[in-house]
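Participant: Provided below for reference: sequence and predicted model.
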Amino acid sequence: MRVVAGSLRGRRISGPDNETTRPTTDKVREAVFNALGSLGVVEDARVLDLCAGSGAMGIEALSRGASHCTFVETDRAALAALRDNIDSLGIADRCTVVAGDALSRTGDKGEFDLLIADPPYGFTDWPGLLEGARASFVVLESDRSPGDVPGWETVREKRYGRTVVTFLERQARASAPT
């Protein structure tokens, strides 16, 4: 696996040697970040990468101009690969690694411009995951469409083989009548 574009383009990213982590393919990462770039979402963004695995998505964001990425992962082998990737790429000063459950207390992780979530396929509690999220834009990667998520508007959705990528934007709250 390699960083697709940006300042780290072509640099190698290693993944954990296990069956529990499913890395995002280069093709999907390239398509996702080309779309995010055209929407102006990545440049100087604070990114939260949930179920980060090797960190490929967050690292791609940093390579394309994000200012900081917080990676959240529970799997020990994935955490080791993630930390090795951050060290070998020399980006530790722009990263925070949280060893913990990405699917709980999303709002406790801080304020972000972009949230990327790639939980294990079969995950369906998107409303629960995003309920406390403090981000204006979200990228979800799954094996199926998340459907309507309260408080979020689907901006784009595309299938790449078995992978479905959905872009969500926080809905503007209706203002109270005066």
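Facilitator: Here it is on my side, so go on.
Participant: residue contacts, the spatially most central residue of the chain?
Facilitator: In the chain, the C-alpha nearest the mean C-alpha coordinate belongs to residue 116, at 2.1 Å (CA atoms, centre = their mean). By CB atoms under 8 Å, 6 or more residues apart in numbering, the contact set of residue 116 is 47, 48, 49, 50, 57, 58, 61, 138, 139, 141. In this view, the C-beta of every residue, glycine as well, is placed from N, C-alpha and C.
Participant: sec struct for it, please.
Facilitator: Following DSSP: H, G, I helix; E, B strand; the rest coil, the label given to residue 116 is strand.
Participant: Check the spacing between it and residue 51 real quick.
Facilitator: 9 Å (CB to CB, to the nearest Å).
Participant: Now the common contact residues for the two.
Facilitator: Residues touching both residue 116 and residue 51 (CB under 8 Å, 6+ apart): none.
Participant: For the helix or strand of the chain with the lowest mean pLDDT, buried residues please.
Facilitator: Least confident helix or strand, the chain: helix 126-130 with a mean of 88, by mean pLDDT, DSSP states H and E. For helix 126-130, a neighbour-count test (16 or more other CB atoms under 10 Å) marks 126, 129, 130 as buried.
Participant: Give me the phi and psi for residue 62.
Facilitator: In terms of degrees, to the nearest 10, the main-chain angles of residue 62 are phi -60, psi -40.
Participant: let me redo that: residue 60
Facilitator: Residue 60 adopts backbone torsions of phi -60, psi -40, taken as degrees, to the nearest 10.
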